[in-house]
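Participant: Have a look; sequence and predicted model below, questions after that.
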Amino acid sequence: QVQLVESGGGSVQPGGSLRLSCTASGSFDGHSFDYYALSWWRQDPGKAREFVAAASGGGGLTYYADSVKGRFTISRDNALHTVDLEMDNLEPEDTAVYYCAAGPAFTRRPDLYGFWGQGTQVTVSS
């Protein structure tokens with residue numbers, strides 16, 4: 001099992017920044033933490049869950065949705081079992097509940113991530 005807990009959400013004005021963090025714990029099903037790719041997703045009420053960013057197990061590869069490229073940065077610390085999402089130049093359209101997820105494949109397919117956190121709210125409004 002992998003338990004994921006997100007933190008760092010909140011309210012910010014357009015153009016502002018927030019840093020989300022996700023901490024993993026549990027048995028990792030007997031694997032090392034770097035076995036898992038880690039990703040961030042977001043969801044607005046009434047909409048489908050949307051891919052935001054992913055980092056490979058070793059952290060050497062990253063991938064971003066076009067809507068956040070150049071504004072968001074994903075990073076992981078395998079020693080601390082964390083994955084962060086630095087969000088800069090935030091826009092009202094970034095308002096959503098943000099989730100982190102873990103899975104064995106470096107992908108933007110949500111069905112391949114078997115472990116999900118509970119989410120943290122991000123609101124961008126003036």
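Facilitator: Thanks, I have the structure now. Numbers count the residues shown, from 1 in each chain.

Participant: Who does the nearest residue to Ser7 once chain neighbours are set aside form a beta bridge with?
Facilitator: Excluding the flanking residues, the one nearest Ser7 by CB to CB, 6 or more residues apart in numbering is Ser21, at 5.2 Å. C-beta: built from backbone N, CA, C; applies to glycine. Ser21 has these beta-bridge partners by DSSP bridges: Ser7, Asp84.

Participant: Please work out how many residues are found near Ser21.
Facilitator: Burial of Ser21, expressed as a neighbour count using other CB atoms under 10 Å, amounts to 18.

Participant: If you count neighbours, what's buried in stretch 101-119?
Facilitator: Ala101, Ala102, Gly103, Phe106, Arg108, Pro110, Tyr113, Phe115, Trp116, Gly117, Gly119 (16 or more other CB atoms under 10 Å).

Participant: pretty sure the fifth one is in contact with Tyr63, am I right?
Facilitator: I take that to be Arg108. Yes. The pair Arg108 / Tyr63 is scored as a contact, 6.7 Å apart, by CB atoms under 8 Å.

Participant: joint contacts of the two?
Facilitator: Common neighbours of Arg108 and Tyr63, using CB atoms under 8 Å, 6 or more residues apart in numbering, are Ala54.

Participant: show me where this protein has strands.
Facilitator: Here the chain has its strands, by DSSP state E, at 3-7, 10-12, 18-25, 37-43, 50-55, 62-64, 72-77, 82-87, 96-103, 115-116, 120-124.
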